[in-house]
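In: Pasted the sequence and its predicted model underneath.
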Amino acid sequence: MGQTNRLKWLVLALPLIAFLWLTIFLLRGLFSDPTELSSALVGKPVPQFSLPDIYDPSTTYTEAVLKGRPMLLNVWATWCPTCRAEHAYLNHLSRQGVYIVGLNYKDDSRAKAVDWLNTLGDPYQLNLFDERGLVAIDFGVYGAPETFLINAQGEVMYRHVGDVNERVWATILGPQYDALMQEFEQAGEQP
């Protein structure tokens, strides 16, 4: 009779346990920050690639352009409204001396992307054209905008999902970028 009662209690408790587990799982997701997506690339070299320049398709860049100094790699697209919203702040950062490389993501028209840059300003030191989005996939990009902080050795140090704005720069990206620049300069390197 004792084993039957335990089995009966177990059958009654299982739905309650499942409900509590599901509630905890959903609450954890509710209070998480969607911009805090980890990246398997953090601490690792950037993926290998070969992409054309957005302005000059005869000029091709490899992952080597993401080495030699700390920088941001900003993934953007003309079809992305959030990219438009962050663009003015990226122009501001560029004028402040922040080195930014652009990765144009899945724009079906190079001319449209060039027109965007000519109209809104070009904050990028160079701009890669990833028409099919294959290099972005290698970086683990879910969509635009995303920004990667890359050290002088070409390693991904941080990944930010969403727009770069004054708050994000002041609290997250700026301090990390400044720390990388300080290390870079202390090593005797020049930007």
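Out: Cool, got the structure. Numbering: from 1, shown residues only.

In: Could you pull up phi and psi at the spatially closest residue to Thr82 that is not a sequence neighbour?
Out: Take Thr82 and drop its neighbours on the chain: the residue closest to it by Cβ to Cβ, 6 or more residues apart in numbering is Asp163, 5.0 Å away. (C-beta placed from N, C-alpha, C; glycine too.) Main-chain dihedrals, Asp163, degrees, to the nearest 10: phi -80, psi 150.

In: if I look at Gly143, how far off is Gln182?
Out: Plainly put, Gly143 is 32 Å away from Gln182 if you go by Cβ to Cβ, to the nearest Å.

In: Kindly report the same for Pro175.
Out: 10 Å.

In: Then Lys106?
Out: Counting by Cβ to Cβ - Lys106 and Gln182 are separated by 35 Å.

In: Pick out whichever of the two has more residues nearby.
Out: Set Lys106 next to Gln182 and count neighbours by other Cβ atoms under 10 Å: Lys106 wins out with 18 against 11.

In: Would you check that that one makes contact with Gly133?
Out: Yes. Lys106 is in contact with Gly133 according to Cβ atoms under 8 Å; the separation is 4.3 Å.

In: Around the residue nearest to Asp108 when sequence neighbours are not counted, how many other residues sit close by?
Out: Distance criterion Cβ to Cβ, 6+ apart; nearest residue to Asp108, sequence neighbours excluded, is Glu131 at 7.3 Å. Glu131: 17 surrounding residues under other Cβ under 10 Å.

In: Offset the numbering so it begins at 30, please.
Out: Right, with 30 as the first residue, what we last looked at is Glu160.

In: Spell out which residues sit in contact with Glu160, please.
Out: Going by Cβ atoms under 8 Å, 6 or more residues apart in numbering, Glu160 touches 133, 135-137, 139.

In: Widest-spaced pair of those?
Out: Using Cβ to Cβ, those span at most 11.9 Å, a distance reached by Lys135 and Arg139.
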